[in-house]
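Asker: Got a predicted structure plus its sequence, pasted below:
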Amino acid sequence: MSISLVAAAGLRSLSGGRGVPPATIWAPALLVGAVLLLPLVYLVVRTFGGDGDIWGLLFRQRVAEILGRTVLLVVTVTAASIILALPLAWLTTRTDLPFRRAWVVLTALPLVIPSYVAGFIVVAALGPRGMLQGTLDGPFGVDRLPDIHGFAGALLTLTFLSFPYVVLTVRAAMLRIDPAMEESSRGLGRGNWATFFLITLPLLRPGVAAGGLLVALYTLSDFGAVSLLRYETFTWAIFVQYESALDRTLGAGLSLSLVVLALAIVGLELVSRGRARYYSSSTSASRPPATVRLGRWRWPAVAFCSSVVAVSLAAPMSILGYWVVRGISNGEPLDVVWEAVGNSVYIAGLSATAAVVAALPVAALSVRYPGLLSGLLERLSYIGFALPGIAIALALVFFGGRYASPLYQTTGLLLLAYVVLYLSPALGAVRTSLLQISPRIEEAARGLGSSPIRAFSSVTLPVARPGLLAGWALVFLLVMKELPATLILSPIGFNTLATSIWSAASEAFFARAALPALLLIAASAVPLAFLILRERR
């Protein structure tokens, strides 16, 4: 009896004194946290288990310069993505924009373009001797364009690859806003713009913060674009250490530094989140907000959406299509890799489902029982997203070889890697939806005799459906294009579209790489379109 009372008191203190969370929430949340700790434990052991002077290696001017470049890229890409995504989310959620559902799908699809493919496309199209220069050379005599390599190219590429994170999370938040709040503001004499900035935008803060956090961590962990565009960041330095095997201890130390930087970013997101309440005090059912008529701004809005889609999706696909046509005309063997398509869709769907299921107890603990334990588990989920895939994969190879040999070289270990890598996108979307659901709804269900788990599953989950679907779609899209972890952990003979693209591109067979890249986009578009069409708006 005394032991159970002590355990309950411990859980109550760790949950901020707001009661003891049920075991159906804290037990799976702790299990998820233990899995997320595996890569971190490996990096600590690898970093401090060696004989070298790791502190002397890390505190060098060279490392400080790389840190400065990394922070600059993260800040600018995040800010540019938010500026680009906010009007897109509002236009596709609240207005009478023509072909609204189509724009939602099209603005989300850049997520499936691998960064190494996008980086090469940017170099091939906009480089000093690229396709654009060749087009301008004849009629205008332009014999050389400014070098796209470096910061400008990395900023352009990563912004147009990662802004959909903010679009999807902000859309999920907009779908949960009670329109009565905005109607009350307008009833008090405020105009539409004043209502947006004083009421709507503050209510969107969790969605903006969650999407911005994902963009920042994605930029922090990217290797493909920054390496091809020759902009040295932490991930490039880490991959050089791991792949060349010059000093894997230094690579682990740099990875730990990346974890510290990721935790700092997560801390900033926590500060921006504040302690505000984002749900209505009313327990009445939510209803769709009134549709804003764009009027004369209808076609300028279409032009804006078209411009974003043209740069982020149509141009890359056109270049990939050009390579396919060029390869066919030159007699390249372009076989459709249907087995790779099936493997990619299978492992992506399984991983997305597993990530959302794993995110649910962590999100519920964070929203309903905020405290030290929930805060720690939530922060842990973002470490995997910030670390390079090769660091996660090597940690799981170490774990599988030493302690879980039945999982070694199986899809189970690959699935575990995807959950560690991409739990945070699912958690961000799920948490945003739960924040906007009043706990009084669950309390009313429990007052009618439902158990906590039954009230949560029958009342809260159906209302949080937009966030669950957004999180599932995000993870699905990310797993479809994941490369380093897939190359290291895939079972023998388990080829995906990502590995097919990399195998062809690494041997400079760009026509062969273009076809699976187009298939990757097409295979991801079908389930994403299905999810968007099932939304209530």
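Answerer: Received the coordinates, thanks.
Asker: The longest helix seen in the chain - what's its average pLDDT?
Answerer: Criterion DSSP state H: the longest helix present in the chain is helix 61-94. Throughout helix 61-94, pLDDT has a mean value of 89.
Asker: go on, stretch 328-346?
Answerer: 80.
Asker: which residues are contacting it?
Answerer: Residues outside stretch 328-346 that contact it (C-beta atoms under 8 Å, 6 or more residues apart in numbering) are 324, 327, 480, 494-500, 509, 511-512, 515-516, 519-520, 523, 527. Heads up, the C-betas are built off the backbone N, CA and C, glycines and all.
Asker: now do the same end-to-end measure for it.
Answerer: 29 Å (C-alpha to C-alpha, to the nearest Å).
Asker: In that stretch, which residues are buried?
Answerer: 332, 334, 337, 340-341, 343-345 (16 or more other C-beta atoms under 10 Å).
Asker: Equivalent analysis for stretch 157-169, please.
Answerer: Buried residues in stretch 157-169 (16+ other C-beta under 10 Å): 157-169.
Asker: Nearest to residue 85 among these?
Answerer: Within the buried residues of stretch 157-169, proximity to residue 85 (C-beta to C-beta) peaks at residue 166, which comes in at 3.5 Å.
Asker: Point me to the helix or strand that includes that closest one.
Answerer: helix 151-174 (DSSP states H and E).
Asker: what do you get for residue 206?
Answerer: helix 205-221.
Asker: quick revisit: got the angle for the helix holding residue 166 vs helix 61-94?
Answerer: 40 degrees (axes from the mean of the first three to the mean of the last three C-alpha atoms, to 10 degrees).
Asker: which strands and helices sit next to helix 151-174?
Answerer: Applying 3 or more C-beta pairs under 8 Å, 6 or more residues apart in numbering; DSSP states H and E, we find helix 151-174 packed against helix 61-94, helix 100-108, helix 115-126, helix 205-221, helix 224-228, helix 411-435, helix 465-481.
Asker: Which of these sits closest to residue 253?
Answerer: Closest among those, using C-beta to C-beta: helix 61-94, at 9.3 Å.
Asker: circling back to that earlier point, so which bits of the longest helix of the chain are buried?
Answerer: 63, 66-67, 69-71, 73-74, 76-78, 80-82, 84-86, 88-94.
Asker: Likewise for stretch 249-257?
Answerer: Buried residues in stretch 249-257 (16+ other C-beta under 10 Å): 249-257.
Asker: among the residues you listed, which are in strands?
Answerer: Residues of those located in strands (DSSP state E): none.
Asker: I am assuming residue 426 contacts residue 474, so please confirm or correct that.
Answerer: Yes. Under the criterion of C-beta atoms under 8 Å, residue 426 makes contact with residue 474 at 6.7 Å.
Asker: Settle it for me: which of these two has more neighbours?
Answerer: residue 426 (32 against 28; other C-beta atoms under 10 Å).
Asker: ok so, going back, now do the helix holding residue 166, average pLDDT.
Answerer: 89.
Asker: That helix vs helix 100-108, what angle?
Answerer: 140 degrees.
Asker: and the helix or strand hosting residue 397, what does it pack onto?
Answerer: Residue 397 belongs to helix 389-403 when assigned by DSSP H and E. Using 3+ C-beta pairs under 8 Å, 6+ apart, the elements in contact with helix 389-403 are helix 23-48, helix 234-244, helix 248-273, helix 411-435, helix 484-489.
Asker: Tell me which residues are up against the shortest one.
Answerer: Right, helix 484-489. 223, 388-390, 392-394, 396-397, 409, 413-414, 417-418, 421, 496, 498-499, 502.
Asker: In that helix, which residues are buried?
Answerer: 484-489.
Asker: Mind putting these into JSON lines with distance to residue 109?
Answerer: Listed next are the buried residues of helix 484-489 as JSON lines, based on distance: C-beta to C-beta, whole Å:
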{"residue": "484", "distance to residue 109": "22"}
{"residue": "485", "distance to residue 109": "22"}
{"residue": "486", "distance to residue 109": "20"}
{"residue": "487", "distance to residue 109": "24"}
{"residue": "488", "distance to residue 109": "27"}
{"residue": "489", "distance to residue 109": "26"}
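Asker: Pull the most distant pair out of the residues you listed.
Answerer: 484 and 489 (9.3 Å).
Asker: Which members of the contacts of stretch 328-346 are positioned in helices?
Answerer: Short answer: the contacts of stretch 328-346 in helices (DSSP H) are 324, 327, 480, 497-500, 511-512, 515-516, 519-520, 523, 527.
Asker: how close does the nearest residue to residue 496 once chain neighbours are set aside sit to residue 80?
Answerer: Excluding the flanking residues, the one nearest residue 496 by C-beta to C-beta, 6 or more residues apart in numbering is residue 344, at 4.4 Å. Distance of residue 344 to residue 80, given as C-beta to C-beta, to the nearest Å: 29 Å.
Asker: Check residue 222 too.
Answerer: For residue 222 relative to residue 80 (C-beta to C-beta), the value is 15 Å.
Asker: swap in residue 329?
Answerer: 38 Å.
Asker: before we move on, the earlier item: out of the helices and strands packed on helix 389-403, deepest packed?
Answerer: helix 411-435 (a mean of 27; mean count of other C-beta atoms under 10 Å).
Asker: could you check the angle helix 465-481 makes with that helix?
Answerer: Using the same axes, to 10 degrees: helix 411-435 against helix 465-481 is 150 degrees.
Asker: Helix 411-435 - contacts with which helices or strands?
Answerer: helix 23-48, helix 151-174, helix 205-221, helix 338-368, helix 372-386, helix 389-403, helix 465-481, helix 484-489.
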